[in-house]
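K.L.:
Give me coordinates for this.
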Amino acid sequence: MNNIKRIQYFFVNTQTANIANPSNLNMRKAKRLMFQILCFALWIVFFLFSISFLNLSFDRFVNSFVSIGNLFINRYSNPDIGFIMKKGYISSIIDTVQMAYLSTFIGVILSVPIAWIASYNITPNRFAYKLSRALIIICRSVHEIIWCILFIMILGYGMLPGIIALVLSEPLQG
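P.N.:
Residues are numbered from 1 along each chain as shown. Next up is the predicted model:
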């Protein structure tokens, strides 16, 4: 029994000695720093290779930021007040807000029972559980623009396809 305690004492002391030894800590820090420098150097080499492979010029890169800045300055600094004051503009904004509120309200009302059925520990019927989970997965995997295009093709233009698309996408997303 005494030999087992000596062996345990030896392993515990050698492991803590290796961790607490400052030269080992400095060596680990140096190795980690060298690894980080190597990774950064490889990233720089890959980045430069990608730029040369794609034939990108530095002037084009800089000029793209200048053109984006000019685009923002020209489009957003002086709005067209005449367009905002047209007759149908405010009613379109009100329709959009109504559509968002209505779809959120309907979606929340529909999502509560679906979420209740989709919880494994509450649902007694496993078929309903799997069906509700499949419905949630389908609604989450399709973007709302795709839902909207689908319902516009079925129902035509108007607020109804947008409301149904938002009902299927927003509240059922989690």
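
K.L.:
quick one: pLDDT of L38?
P.N.:
With respect to pLDDT, L38 scores 95.

K.L.:
next one: V45
P.N.:
So, for V45, pLDDT stands at 95.

K.L.:
number of nearby residues for it?
P.N.:
Counted by other C-beta atoms under 10 Å, the residues lying close to V45 total 10. C-beta coordinates here come from the backbone N, C-alpha and C atoms, glycine included.

K.L.:
what do you get for I106?
P.N.:
15.

K.L.:
Secondary structure class of it, three-state.
P.N.:
With DSSP: H, G, I helix; E, B strand; the rest coil as the basis, I106 sits in helix.

K.L.:
Hmm, it is touching I163, no?
P.N.:
Yes - at 7.3 Å, I106 counts as touching I163 under the criterion of C-beta atoms under 8 Å.

K.L.:
Could you break the chain into its assigned domains?
P.N.:
2-75, 87-173 (automatic domain parsing).

K.L.:
Let me know which of these is tucked in deepest.
P.N.:
domain 87-173 (a mean of 14; mean count of other C-beta atoms under 10 Å).

K.L.:
Low-confidence stretches in the protein?
P.N.:
1-25, 171-174 (pLDDT under 70).

K.L.:
would you list every one of the helices in it?
P.N.:
2-20, 22-53, 58-76, 81-84, 87-118, 126-141, 144-155, 159-169 (DSSP state H).

K.L.:
related to what we said a few turns ago, can I get the domains of the chain in TSV with distance to I81?
P.N.:
Listed next are those as TSV, based on distance: least, C-beta to C-beta, whole Å:
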stretch	distance to I81
domain 2-75	14
domain 87-173	11
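
K.L.:
gap between M99 and I84?
P.N.:
20 Å (C-beta to C-beta, to the nearest Å).

K.L.:
brain fart, I164
P.N.:
Taken as C-beta to C-beta, the span from I164 to I84 is 29 Å.

K.L.:
repeat for Y120
P.N.:
Shown here: Y120 relative to I84, a distance of 51 Å by C-beta to C-beta.

K.L.:
What of F127?
P.N.:
53 Å.

K.L.:
Same check on A41?
P.N.:
From A41 to I84 the distance is 54 Å (C-beta to C-beta).

K.L.:
now R60
P.N.:
For R60, the distance to I84 - C-beta to C-beta - is 36 Å.

K.L.:
Kindly report the same for Y157.
P.N.:
23 Å.

K.L.:
what's the answer for N74, then?
P.N.:
Taking C-beta to C-beta, one finds N74 at 17 Å from I84.

K.L.:
If anything else comes up later, I'll come back, but that's it for now.
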